[in-house]
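> I would like to see how this sequence folds:
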Amino acid sequence: MSKIGWHIGRIALALNFGIFWTVASVMADPSAADSLYLLGNQALKAGEIDRAKILFEQSLQANKKHAPTHCGLGHVYLTQDQIGKARKAFRNAEKYQRKMPEAYFGMGLVYAREKGQWVRAIDYFCRALAEKPDYVEAQYHIGLTHLNLMNRDAIRAFEQVVEMDPDHPDAYYRLGFMYEYDLLKKEGAIEYYEKQLAVNPAHKDAMWRLGQLYRTLSRTDQAARTLSRLMQTQGTNQRQYMLELAEVYLARKNYEKAETLFETYLAGLSTRERMPYEDISLFVSERETEALKQAKDRQVLLQQFWKRRDPTPITDVNERRVEHFRRVAYAREHFGSAVFPWDRRGEIYVRYGTPSHKSASGDRLRESHPEDWAVKQRLLDRVDWAAEILLSDYAADSDSANVTHRGTGAERAQRQLERQFQRLYNRSSERNQKSEQIRKRAESAMAVGGLGAFLGRPIFPIQDRRAWEYWIYPGLGEGVEIVFRQMPGAPDGVFDYAVLPAEMATKMRHLWGPLIPEQIISQAPREIYVPAFLAEPLYYAAYPATFRGLGDSTRVEIYYGFPASALTREEGDVRINRGAVLYNAKGDPVFKVANRAVFRVDGKTGIIPDVIALDVKPGSYYLAVQAIEERSGRTQVYGMPLRVPSYRHGKLRLSDIEMAASIEQTTGKGHFVKQNLEVIPLATRHYTQRHLVYLYYEIYGLSQDAFGQTDYQISYRLKPRSGQSFGAKVLSGLGKLVGIDQNEEQIAISYDQTGDADNVVNYLALDLSGSEPGEYVIEVAAMDRRDGQKVTKAATFKLETPDEIE
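Predicted structure coming up:
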């Protein structure tokens, strides 16, 4: 065993068992300093700072001139942020070993920590490199220091690092950072981030920046993969990572994955942290909030609350709830660091989402969209002549983009206004003239891309130099500007609604009153949500009809008509998810059906027919019908009140009338076959003059004589809605035609029918080729000749010329 190895063994034994006399016994041997230094260095690398310090101090007791130990002690002091002691330790290392690269490197680290000493730090790192040309860490810290100086020399410095060490764990990331933020070369940045992850797959910052860049460049598949890897890592930034990944899923309209992501994240939160996500008090009254707190089935009530707001009721995911989770996570991340769960900005964000425009005293951004200009213009018109004072104040402060735009200027403006108020108030013509001048000036500024000095600044008197911020929501009422300010006495970054100065005169308060943020919000809707998919609607027709169902239930059939020319084809196929939901009087979904259909489409296909059905209890409902095109993600939801009648036994009943494109007898089975008839629905209920008009309906509860025979009459009345001329020919129907009676107002057609079944189906085909285009009403009446019962139903349809349909 070598002498150094023997000492390491003795010292390790002493440290492990607390035998300090053993350590003392080796102090007389200078080689013990090497052994203790090696142990101290191991402890330092392991993060055992206190143990490392003890070992280094014991090493210096054995040999006070041991330069490597002085360097080790210097790194301990740097870790403890004791810069003065660190400098002294590295100086001692220089003194005891001239031109020691590690000592120069340590001095560079010291000066890199001191303000204004970064150039000196680079000098020491360069000295270390001069003595040790392969000193990678010295070269790396040269790059870091240039980066702190915002100097492009950092790029060359990090390029040299990767030349020296192609597997460096961080240098590629730094190059990517410079390419992204300094050179603004996103593709180059991506290349470096990818290289960093190739050599250091656990580099969180590289994954984070790479995922964000992928999303920015709409490379959503790569963004999702990268950010998913990041979500699997542990750390304090999980909410930030989760938000970014959720944005990727939402951009791809993959709401299912976004919802799963949020639910997984919420499951790992504490009760306190999860509370803001489950809180709906911002959307309901105080009474409803209190009732929710007292409810035993709180989770059930929460589920019902979100189901009522589901914009796509036939899907398993609730996009509104997903958006709520996103808003809450964003508010917690950006507005909740100093106050739980967030300041006033967080409350507004959760209610209304991302504003169209944001600007702040420390980051002034000018409005660039016409809808934001329109809001500014309306507010300027409202404050009338006072805008002239604002304009003068802004013009005087036009070069101060990053400070509060008023302060003393607001006080000056107030004094000027108070002096001029009575004169200007009484001289309406002058006031109107000033307002017109401001309007013309604003319109002139808008013509060149903005509203001049008003852009990027709130149209509200900020009373002092506390930080301010304002958001614009064009879709909230007529369009609003909500102004926030730093709360007095609150921690940095905590904002509340901006208020008028306490000393402001009553007349002035009357002028500015309509722009007070708290007043604006008190009169605003509780929430705003516009589904992203509404930007590209899917056009189709749909309507319901009711028939007798199983047992005491009623069968609700919903007919669809999809225009083939408007659909997105994939190898001749169109895939559509369609369904319907019935809501009760409370707004809770109580019946639902949804499934997927694949249609084969060619150039000759016009309207694609479809039908879905569900059996429900009779009652009053609200029907929501939806269809989603799989390939494009386009969708549309139609809603209507629906009274579902009862078709129970024991009384004559007549179903609704289904308007059909064709009806043929059949013995086969099929999607549109019922009661041995193939009934192809026409959801548009629009017919051309050259096509037949078909009606299908069912009759229930016909009385029977002793031999089981029925005797009843069916009559039809057809009349135009707008008095257009018309004529009809009956081409097919069931029963014995009794007669056709026509006058200028209507056509009456009657059939006598007999049979041996108490429940029957019936249909009619009409030729209206001789009728003028327009809307028509057809009424069907069934009368039981045996007991005199009579029931009627009506339906409307539209007759068009062939050119109108095409």
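> okay, CA-based contacts and neighbour counts for the rest of this
Noted.
> Domain ranges for this structure, per the record?
Domains of the chain are assigned by automatic domain parsing as 1-98, 255-309+318-336, 357-522, 536-645, 649-806.
> what's the least confident stretch among these?
The minimum mean pLDDT among those belongs to domain 357-522 (a mean of 71).
> if we can go back for a sec, so which of the domains of the chain gets nearest residue 134?
Nearest to residue 134 among those is domain 1-98 (18.5 Å), distances taken as Cα to Cα.
> could the domains of the chain be laid out in TSV, adding distance to residue 108 and mean neighbour count?
Converted to TSV, the domains of the chain look like this (distance: least, Cα to Cα, whole Å; neighbours: other Cα atoms under 10 Å):
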stretch	distance to residue 108	mean neighbour count
domain 1-98	10	19
domain 255-309+318-336	36	16
domain 357-522	34	17
domain 536-645	57	18
domain 649-806	79	17
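> closest one to residue 182 among the ones you listed?
That would be domain 357-522 among the domains of the chain, by Cα to Cα, at 19.0 Å.
> Just the element for the residue nearest in space to the middle of the chain, please.
Taking Cα atoms, centre = their mean, the centroid of the chain lies closest to residue 323, which sits 4.7 Å from it. In the assignment (DSSP states H and E), residue 323 maps to helix 319-335.
> tell me the mean pLDDT for whichever helix or strand comes after that helix?
As assigned by DSSP H and E, the chain's next helix or strand after helix 319-335 is helix 344-352. For helix 344-352, the mean per-residue pLDDT is 97.
> Please state the offset of helix 344-352 from the chain centre?
Its chain's C-alpha centre and that of helix 344-352 lie 14 Å apart, by Cα atoms, centre = their mean, to the nearest Å.
> hmm, who's touching that helix?
282-283, 324, 327-328, 331-332, 334-336, 355, 484, 495-497, 526-529 (Cα atoms under 8 Å, 6 or more residues apart in numbering).
> could you redo the last one with a cut-off of 7 Å?
With contact meaning Cα atoms under 7 Å, 6 or more residues apart in numbering, helix 344-352 is reached by 282, 324, 327-328, 331, 335, 495-497, 526-529.
> Adding distance to residue 382, write these out as TSV.
Compiled in TSV, those are given as follows (distance: Cα to Cα, whole Å):
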residue	distance to residue 382
282	29
324	33
327	32
328	33
331	31
335	31
495	26
496	23
497	20
526	24
527	25
528	24
529	27
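> For these, work out which two are farthest apart.
For the contacts of helix 344-352, the farthest-apart pair by Cα to Cα is 495 and 529; their separation is 23.9 Å.
> Residue 577 belongs to a strand, doesn't it?
Yes - with DSSP: H, G, I helix; E, B strand; the rest coil as the criterion, residue 577 is located in a strand.
> which residue packs closest to it, ignoring adjacent ones?
residue 596 (4.3 Å; Cα to Cα, 6 or more residues apart in numbering).
> What strands flank whichever strand or helix holds that neighbour, and is each parallel or antiparallel?
Using DSSP H and E, residue 596 falls within strand 589-600. According to DSSP bridges, strand 589-600 forms sheet pairs with strand 573-583 (antiparallel).
> Give me the angle between the helix holding residue 323 and helix 344-352.
170 degrees (axes from the mean of the first three to the mean of the last three Cα atoms, to 10 degrees).
> Now tell me what touches helix 319-335 from outside.
Contacts of helix 319-335 (Cα under 7 Å, 6+ apart): 239-240, 243, 255, 259, 262, 276-277, 306, 309-311, 341-343, 345-346, 349-350, 353.
> ok now that helix, how far from the chain's centre?
The mean C-alpha position of helix 319-335 is separated from the chain mean by 8 Å, Cα atoms, centre = their mean.
> Alpha carbons only: can I get that helix in CSV?
C-alpha atoms of helix 319-335 as CSV (Å, rounded to 0.1, in the frame of the first residue of the first chain):
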residue,chain,number,x,y,z
GLU,A,319,-63.3,22.0,-23.5
ARG,A,320,-64.6,24.7,-21.2
ARG,A,321,-63.4,22.9,-18.1
VAL,A,322,-60.0,22.4,-19.8
GLU,A,323,-59.8,26.1,-20.6
HIS,A,324,-60.6,26.9,-17.0
PHE,A,325,-57.8,24.7,-15.8
ARG,A,326,-55.5,26.4,-18.2
ARG,A,327,-56.5,29.9,-17.0
VAL,A,328,-56.1,29.0,-13.4
ALA,A,329,-52.7,27.4,-14.0
TYR,A,330,-51.6,30.6,-15.9
ALA,A,331,-52.9,32.9,-13.1
ARG,A,332,-51.1,30.9,-10.4
GLU,A,333,-47.9,30.9,-12.5
HIS,A,334,-47.9,34.6,-13.4
PHE,A,335,-49.9,36.4,-10.7
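> hmm, back to that, compare the domains of the chain and give me the one nearest residue 152.
Closest among the domains of the chain, using Cα to Cα: domain 357-522, at 24.5 Å.
> Would you mind measuring the gap between the ends of stretch 326-342?
Stretch 326-342 stretches 14 Å from its first residue to its last (Cα to Cα, to the nearest Å).
> Hmm, I typed the wrong one, I wanted stretch 491-502.
22 Å.
> Quick one: residues in contact with it.
Under Cα under 7 Å, 6+ apart, the answer for stretch 491-502 is 338, 343-345, 461, 463, 483-487, 516-518.
> gap between residue 668 and residue 674?
Residue 668 is 10 Å from residue 674, by Cα to Cα.
> What of residue 68?
For residue 68, the distance to residue 674 - Cα to Cα - is 94 Å.
> ok, now residue 360?
Distance of residue 360 to residue 674, computed by Cα to Cα: 66 Å.
> do the same with residue 239
54 Å.
> same deal with residue 134?
To residue 674, residue 134 is 85 Å away according to Cα to Cα.
> what do you get for residue 237?
Residue 237 is 59 Å from residue 674, by Cα to Cα.
> do the same with residue 337
For residue 337, the distance to residue 674 - Cα to Cα - is 63 Å.
> Give me the contacts around stretch 563-583.
313-314, 540, 589-602, 605-608, 621-632.
> now do 6 Å
With Cα atoms under 6 Å, 6 or more residues apart in numbering as the test, stretch 563-583 has contacts from 314, 589-601, 606-607, 621-630.
> how far does that stretch stretch from start to finish?
Termini of stretch 563-583 sit 28 Å apart (Cα to Cα).
> ditto for stretch 637-653
One end of stretch 637-653 to the other measures 31 Å (Cα to Cα).
> How far does it sit from its chain's centre?
Distance, centroid of stretch 637-653 to centroid of chain: 38 Å (Cα atoms, centre = their mean).
> Would you verify that residue 786 is located in a helix?
No - using three-state DSSP, the assignment for residue 786 is coil, not a helix.
> Relative to residue 532, how far out is it?
From residue 786 to residue 532 the distance is 59 Å (Cα to Cα).
> got the residue ranges for the helices in the stretch 1-150 of the chain?
3-17, 20-25, 31-45, 49-62, 67-79, 83-96, 101-112, 118-131, 136-148 (DSSP state H, counting those that start in this stretch).
> closest to residue 545 out of those?
Evaluated with Cα to Cα, these place helix 136-148 nearest to residue 545, the distance being 70.4 Å.
> tell me which residues of the closest one are tucked away?
For helix 136-148, burial by neighbour count (16 or more other Cα atoms under 10 Å) applies to 136, 137, 138, 139, 140, 141, 142, 143, 144, 145, 146, 147.
> Closest one to residue 644 out of these, please.
residue 147 (71.1 Å).
> what about that closest one, distance to residue 656?
Counting by Cα to Cα, the gap from residue 147 to residue 656 is 76 Å.
> now swap in residue 227 and tell me
53 Å.
> same thing with residue 358?
Per Cα to Cα, residue 358 is found 54 Å from residue 656.
> so the closest residue to residue 798 other than its chain neighbours, which of the three states?
Using Cα to Cα, 6+ apart and skipping residues adjacent in sequence, the residue nearest residue 798 is residue 775, 4.3 Å away. Following three-state DSSP, we place residue 775 in the strand state.
> what's the answer for residue 234, then?
Look at residue 234: counting by three-state DSSP, its state is coil.
> which other helices and strands contact whichever helix or strand residue 507 is part of?
Using DSSP H and E, residue 507 sits within helix 506-512. Using 3 or more Cα pairs under 6 Å, 6 or more residues apart in numbering; DSSP states H and E as the contact test, no helix or strand touches helix 506-512.
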